[in-house]
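Q: Dropping a prediction and its sequence here:
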Amino acid sequence: MADDCHESETQESASELSSQLRGGMSLCDDQEVPVSEEFLAFMQQTMRHKQEWALKKAALAQKNVDSNALITQHGDEVVPREEHPDAVRSREMRALYGEAAPQLHAMETAVQLAFDRIATRHHAAVWPNIPLNVIFSDQ
């Protein structure tokens, strides 16, 4: 009988708690919830990791600001932006050819466009896809 009484009290308190939670009420502070030492250690470690990550993120952001790097924010990650390939190509050509770089770049572009146009028009294969086994005889 004592077990039946204890079970009914437990069921009543559980139903009361669930109705409070459904009604938008939170757990009262005077109710004690058992917490294991493992859970406390886990929560402390989680808080340490969050603090370390925040410090690391702030240091990385400060480093990027100091170096005037172009940055993009992707979620929690700070990623440097990549330079556009055309800008890289122009810079490399300027370093190689100096003042003549714009004319050479224009000539390269014109030749490439002419090749692309002719290849498209004639559906040309760039190279045979079979190996060439050329045998020369000494006769």
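A: Received the coordinates, thanks. In this text the structure is predicted, and so the values were computed from the model without any measurement.

Q: Confirm Arg121 sits in a helix?
A: Yes - checked against DSSP: H, G, I helix; E, B strand; the rest coil, Arg121 lies within a helix.

Q: what are the ranges of the strands in this protein?
A: In the chain, strands defined by DSSP state E lie at 71-74, 77-80, listed in chain order.

Q: between those, which gets the lowest average pLDDT?
A: Set side by side, the strands of the chain differ in mean pLDDT, and strand 71-74 is lowest with a mean of 55.

Q: What is the neighbour count of Leu104?
A: Applying other C-beta atoms under 10 Å, we find 13 other residues in the vicinity of Leu104. (Glycine included, C-beta is placed from N, CA and C.)

Q: Find the least confident helix or strand in this protein, judged by mean pLDDT.
A: Using mean pLDDT, DSSP states H and E, the weakest-scoring helix or strand in the chain turns out to be strand 71-74, at a mean of 55.

Q: buried sites along the lengthiest helix in the chain?
A: When secondary structure is assigned using DSSP state H, the longest helix within the chain turns out to be helix 37-66. When burial is assessed from 16 or more other C-beta atoms under 10 Å, helix 37-66 yields no buried residues.

Q: can you pull the contacts of Ser90?
A: By C-beta atoms under 8 Å, 6 or more residues apart in numbering, the contact set of Ser90 is Ala101, His105.

Q: Distance-wise, check it relative to Glu38.
A: According to C-beta to C-beta, to the nearest Å, Ser90 and Glu38 sit 60 Å apart.

Q: So, low pLDDT: which residues of the chain?
A: Segments of the chain classed as low confidence (criterion: pLDDT under 70) are 1-11, 13, 17-31, 66-80, 128, 139.

Q: quick check: domain ranges of it?
A: 35-82, 85-122 (automatic domain parsing).

Q: you'd agree Ile118 is up against Ala124?
A: Yes - using C-beta atoms under 8 Å, Ile118 makes contact with Ala124 at a distance of 7.2 Å.
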